[in-house]
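Enquirer: sequence plus predicted model, see below.
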Amino acid sequence: MSCFNVRVYGIMINEQKQVLVSDEYIRGGYYTKFPGGGLEFGEGTLECIIREWQEELSQQVEVVEHIYTTDFFQISAFDGTTQIISIYYLVKPISPFTAPILNQPFDFEIPEGVTEVEGVRWINWDEFNAATVTLPIDKVVADLVKVKY
């Protein structure tokens, strides 16, 4: 039986030419990735990215354009059994940006017994590249973003 996990992420670039990333502690590991998450059954990818940004950042966004959909086989880093298909969109804010911003990577406390903690931060354009994100598909997208924008 094949099992797929569809993930939808947003790339936001602000007026200062900074890219928003999410620093996350997930099941004992540290990951820097783009904000977004899993597609829920019955939901379209555009609905998903709008919901995820609202849930994670209390941020209303508008999708500007599609950037990339995974075109290679990638096994999940988290369960080792599902195939990941990630879809990336360029998004822009349509509500004030009010999410707390981390000043440095993983600048958060991890309470005892908690398995997931996340925070977002801006990375300056000159410092942003594939090495600034953790997951393999995100690295491909970071390179694309640097070329395209």
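Expert: Nice, thanks for sending it over.
Enquirer: so for Ala77, what's the pLDDT?
Expert: Listed pLDDT for Ala77 reads 83.
Enquirer: now Met1
Expert: Met1 carries a pLDDT score of 56 in this model.
Enquirer: same question for Asp143.
Expert: Per-residue pLDDT puts Asp143 at 98.
Enquirer: and Lys146, which of the three is it?
Expert: Using DSSP: H, G, I helix; E, B strand; the rest coil, the structure places Lys146 in helix.
Enquirer: next one: the closest residue in space to Asn124 that isn't next to it in sequence from Ile75, what distance?
Expert: Closest residue in space to Asn124, ignoring its immediate chain neighbours: Gln18 at 5.5 Å, by CB to CB, 6 or more residues apart in numbering. In short, each C-beta sits where N, CA and C put it, glycine included. Distance, Gln18 to Ile75, by CB to CB, to the nearest Å: 31 Å.
Enquirer: what's the local residue count around Val147?
Expert: 7 (other CB atoms under 10 Å).
Enquirer: start at 777 instead
Expert: In the new numbering, first residue 777, that becomes Val923.
Enquirer: hmm, Trp901 and the residue nearest to Asn900 touching each other?
Expert: Yes. Taking CB atoms under 8 Å as the definition, Gln794 is a contact partner of Trp901 at 6.5 Å.
Enquirer: so between Gln794 and Ile851, which is more surrounded?
Expert: Legend: neighbour count by other CB under 10 Å for Gln794 and Ile851, higher for Gln794 (17 against 13).
Enquirer: hang on, isn't Asn905 packed against Leu920?
Expert: No. Counting by CB under 8 Å, Leu920 is not a contact partner of Asn905; they are 11.4 Å apart.
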